[in-house]
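Asker: A structural model of the following input is requested.
(one chain, ligands or ions: 1)
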Amino acid sequence: MVKMKNNLLWLLLVLTISCTVSKPEEEIDPALILWYDKPATEWTQALPIGNGRLGAMVYGQTEKEIIQFNEETLWTGQPHDYANKGAYRSLNNLRKLLWAGKQEQAHDLANKRFMSQPFGQQAYQPFGDVLLEFPGHENAENYRRELDLERAVSTVLYEVDGVSYKREVFASYPAQAIIFQLQASKKKKLNFKVGMNSPHENYSVSVEGNEVILTGKANNYPKEVGRDGEPYPESKLNFEARLKILHDGGGIVQDKNTIEVVGARKATLLLVAATNFVHFNDITANPTQRCNDDLAKLEGKSYSDLKSEHVRDYQELFNRVEIDLDDHEESLRPTNERLDSFYQDEDPCLVSLLYQYGRYLLISSSRPGTQPANLQGIWNDKLAPPWDSKYTININTEMNYWPAEITNLSECALPLFQMVEDLAQTGQYVAKTHYNLEGWVTHHNTDLWRGAAPINNSNHGIWPTGGAWLSQHLWWHYQFSGDETFLKNRAYPVLKEASRFFASYLVPYPENPEWLVSGPSNSPENGGLVMGPTMDHQIIRELFSNTIEAAQILGVDSAFVQTLTEKRSRIAPNQIGQYGQLQEWLEDSDDPGNEHRHVSHLWGLHPGSEIHPLVTPELAEACKVTLAHRGDGGTGWSRAWKINFWARLLNGDHAFLLLKNLMVPSRSEATNYEDKGGLYMNLFDAHPPFQIDGNFGATSGITEMLLQSHLRNQDGEFYLDILPALPTALAKGKISGLKARGGFEVGIDWNEGQLLSVKIKSVLGNKMNLRYKGEVIARETTAGQSFIFKALDF
Ligand code: FUC
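Answerer: Modelled structure (predicted):
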């Protein structure tokens, strides 16, 4: 690897000018650092930090610095049940209209009688900004700002009048705070003013001792009424943030709403923030109390204690996977320049940076006890963010969690499981009110209040398989961990109740009553309300399979298992249409010219597992035809999904082409919603606008190129497919710490496109089938032991 000094210049300055400023970290791996030689001027150039609950964007301005921050529970609205009472009375009529080909009438009827109340859900909100002013720093020299993924610390370095300044900021999970350290290389040279503000209408800022305090109330949803004319419930969340200033040398001057630090050498700033949100049905917490408690826990801890505690906590997760892809001199340039030339130079080191960035973002936006990562993770600066920055579950939320198990960040998925369990509660009421059925159901979106009813418009909102898809993640958690207690207490109840809903919901296909179909539904956001979209059938089939297997492992519910087995065999199968494509619907009506961003009917290829080139070659060929029709473009997340599709089709070069298409530079922050995905300068994925799913989908897709474990032999043992879709451009590399189903930890080493060695640690001692180029090369494992297979051995 090319190693570089973390700001050579800084090091020189420190050595020659002063010994008082701490030494920078020694060797920095270019695969783990984003850096720039100019401050950010747009939000998508700023660098994100987060501890799962608190997030911030660091601009790195020298004279007037902004640190825009979020707390994940600050949303518009209040506890609310979105279900539409009596909706179920229209269900049969909707089906009849659709079978009769009267789609527009079905849309109208559903919009009148079947949608959530109001039609829309609530929005995630920004919290505030920390404002730092450094008089006289407008002409800084030797500037550098960076985000170090190895330590989860963002640093700004520059020089003014022969004095070096350094600012570090990180978001600590153990401390539940955002922590800054500001320092100058010479005594008395640190002078700054600090304040806070908020974009909400009702807020105030005050000063108490050495704390700046921001309090306020969340704005109402940006629109007063939904499409149906129903008012949005008003906002009832309050918020408070406290910024405590500790200085070393010099003094402080308090103003009404700012604090000035004068003549110091160093200062530490502790930012805590909270709302009154407890649970989707409970908003009785006291934000002031929460902030005071959080600050009290930091009492007496030094900056270096807090930093080491943070780095230890973060690295416990982050360091589990190491990736080393070959790099070259290109890797040393500022990240924005590397991004600009990536389409030409294909710098593998930028691929590994993006890979680890996905893991960094997941750790930073989703930790045990927090909310799951929403459409923007936890980072949002807008009162009216795109799609409300909520949870879209017809692809986006699930994509956020694709990397969790496979890249050894299983704990980061816990917030998702909690959300699924919440939805299993609210969705039970929706199953009753909208379908008059037992079990639970969720449609294509949810929010902090766990709305489960269909929203927006019947032509895309009525899609009942959101919960069934989400349930897959709890099953995966069992498959990767082998944790039977989790299976019994958490996964199975969710799977069983979701299956209970679908066992009664499916209806016979009039043209072939042997087939059971889903509907009214849609193939996400393409083609309007229909009966029998292919995606639903793939999801429900897999839901039933997972439920059946879980029940058998737990030795429960044998009669139910029989019902599900019988129903599963009757669900309408995948069909190949006139162009050789996989049909999106029951009818062969696909348009080969349709480049729609959603490719929902390939769900069975990924993230599902019923289509595979070696098992169902005809269906795999049909998927290729479909992908050729849809093209290699699309929104950021669409490109990311296609990386995963091509990796599952065992075509590494095509997967890499999609990765390149996902990594084209996207410069404008304009909210143009076009199908022109890419990456912003801070490597956030551009839908556009910013949407985090593409980051997570890219990390998942790169993993799928290197390791897949979703197939099993007749005995139910997992295949561990090593380098199943290795792109020519990533001919050399190594990765360690990946996870495979069945409880395996996998390290792989390759060169010139060929496997050199595989290291497998079997956590559970399950049998496995280590496969390379389609041939099984090893089977045995013993619990707790590692095996190394060298290329010479096979
Ligand atoms: C779905 C997608 C859009 C966007 C939104 C958040 O509606 O079709 O492209 O990602 O979710």
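Asker: and the gap between the closest residue in space to Gly377 that isn't next to it in sequence and Gly50?
Answerer: Leaving out its chain neighbours, the residue that sits closest to Gly377 by C-beta to C-beta, 6 or more residues apart in numbering is Ser365, at 3.7 Å. Heads up, the C-betas are built off the backbone N, CA and C, glycines and all. Per C-beta to C-beta, to the nearest Å, Ser365 is found 5 Å from Gly50.
Asker: What are the phi and psi values at the residue in the stretch 401-550 of the chain positioned nearest to the ligand?
Answerer: Across the stretch 401-550 of the chain, the shortest distance to the ligand (C-beta to the nearest ligand atom) belongs to Glu525, at 4.6 Å. Here the main-chain torsion angles of Glu525 (degrees, to the nearest 10) amount to phi 60, psi 20.
Asker: So it is in contact with His460, correct?
Answerer: Yes - with contact defined as C-beta atoms under 8 Å, Glu525 counts as touching His460 (4.7 Å).
Asker: higher neighbour count, these two?
Answerer: For Glu525 versus His460, neighbours defined as other C-beta atoms under 10 Å are more numerous around His460 (22 against 18).
Asker: who touches the one helix or strand the more buried one maps to?
Answerer: Per DSSP states H and E: His460 is located in helix 458-461. Helix 458-461 is contacted by residues 106-107, 110-111, 114-116, 443-445, 454-455, 520, 522, 524-525, 528-529 when judged by C-beta atoms under 8 Å, 6 or more residues apart in numbering.
Asker: run the last query once more with 6 Å
Answerer: Outside helix 458-461, the residues within contact range by C-beta atoms under 6 Å, 6 or more residues apart in numbering are 107, 110-111, 454-455, 522, 525, 528-529.
Asker: Could I have the CA atoms of it written out in PDB?
Answerer: Provided in PDB are the C-alpha atoms of helix 458-461 (Å, rounded to 0.1, in the frame of the first residue of the first chain):
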ATOM      1  CA  SER A 458     -53.000   4.400  -4.800                       C
ATOM      2  CA  ASN A 459     -51.000   4.100  -8.000                       C
ATOM      3  CA  HIS A 460     -47.900   3.300  -6.000                       C
ATOM      4  CA  GLY A 461     -48.800   3.500  -2.300                       C
END
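Asker: tell me the average confidence for it?
Answerer: The average pLDDT within helix 458-461 is 97.
Asker: Going forward, the N-terminal residue is numbered 174.
Answerer: I'll keep to 174 as the first residue from here, and by that count the last item is helix 631-634.
Asker: That helix and the ligand in contact?
Answerer: No - using C-beta under 6 Å from any ligand atom, helix 631-634 stays clear of the ligand, coming no nearer than 7.3 Å.
Asker: Next secondary structure element downstream of that helix?
Answerer: Moving toward the C-terminus from helix 631-634, the next helix or strand (DSSP H and E) is helix 639-654.
Asker: ok, that next one near the ligand or not?
Answerer: No - if you take C-beta under 6 Å from any ligand atom as the test, helix 639-654 misses the ligand, and the best it gets is 11.8 Å.
Asker: what residues does the very next helix or strand once past that helix touch?
Answerer: Remark: after helix 639-654, the chain's next helix or strand is helix 657-659, criterion DSSP H and E. Residues outside helix 657-659 that contact it (C-beta under 6 Å, 6+ apart): none.
Asker: for the record, mean pLDDT for helix 657-659?
Answerer: 98.
Asker: before we move on, the earlier item: name the member of the contacts of helix 631-634 that has the highest neighbour count.
Answerer: Pro627 (31 neighbours).
Asker: which stretches of this structure aren't confidently modelled?
Answerer: Residue ranges of the chain with pLDDT under 70: 174-201, 841-846, 965-967.
Asker: Would you mind naming what in it lies close to the ligand?
Answerer: Residues of the chain that fall close to the ligand, judged by C-beta under 6 Å from any ligand atom: 548, 560, 565, 569, 698, 770-771, 808, 810, 860, 864.
Asker: Show me these that map onto helices.
Answerer: The helices, defined by DSSP state H, take in 569, 810 from these.
Asker: would you turn the residues of the chain next to the ligand into JSON lines with distance to Lys361?
Answerer: Shown next, in JSON lines, are the residues of the chain next to the ligand (distance: C-beta to C-beta, whole Å):
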{"residue": "Leu548", "distance to Lys361": "46"}
{"residue": "Trp560", "distance to Lys361": "49"}
{"residue": "Thr565", "distance to Lys361": "52"}
{"residue": "Asn569", "distance to Lys361": "51"}
{"residue": "Glu698", "distance to Lys361": "60"}
{"residue": "Arg770", "distance to Lys361": "57"}
{"residue": "His771", "distance to Lys361": "60"}
{"residue": "Thr808", "distance to Lys361": "52"}
{"residue": "Trp810", "distance to Lys361": "51"}
{"residue": "His860", "distance to Lys361": "48"}
{"residue": "Gln864", "distance to Lys361": "46"}
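Asker: my guess is Pro627 contacts His616, does it?
Answerer: Yes - counting by C-beta atoms under 6 Å, Pro627 touches His616, with 4.2 Å between them.
Asker: ok so, going back, hang on, isn't the residue nearest to Gly550 packed against Pro221?
Answerer: No - with contact defined as C-beta under 6 Å, Ser538 does not reach Pro221; the gap is 8.5 Å.
Asker: still on that earlier bit, surely the residue of the stretch 574-723 of the chain closest to the ligand is in contact with His769?
Answerer: No - in terms of C-beta under 6 Å, Glu698 does not count as a neighbour of His769; the distance is 7.6 Å.
Asker: What's the local residue count around the closest residue to Glu323 other than its chain neighbours?
Answerer: Computed as C-beta to C-beta, 6+ apart, the closest residue to Glu323 that is not its neighbour in sequence is Leu205, at 4.6 Å. Neighbour count of Leu205, defined by other C-beta under 10 Å: 20.
Asker: what separates Leu205 from Asn573, distance-wise?
Answerer: 22 Å.
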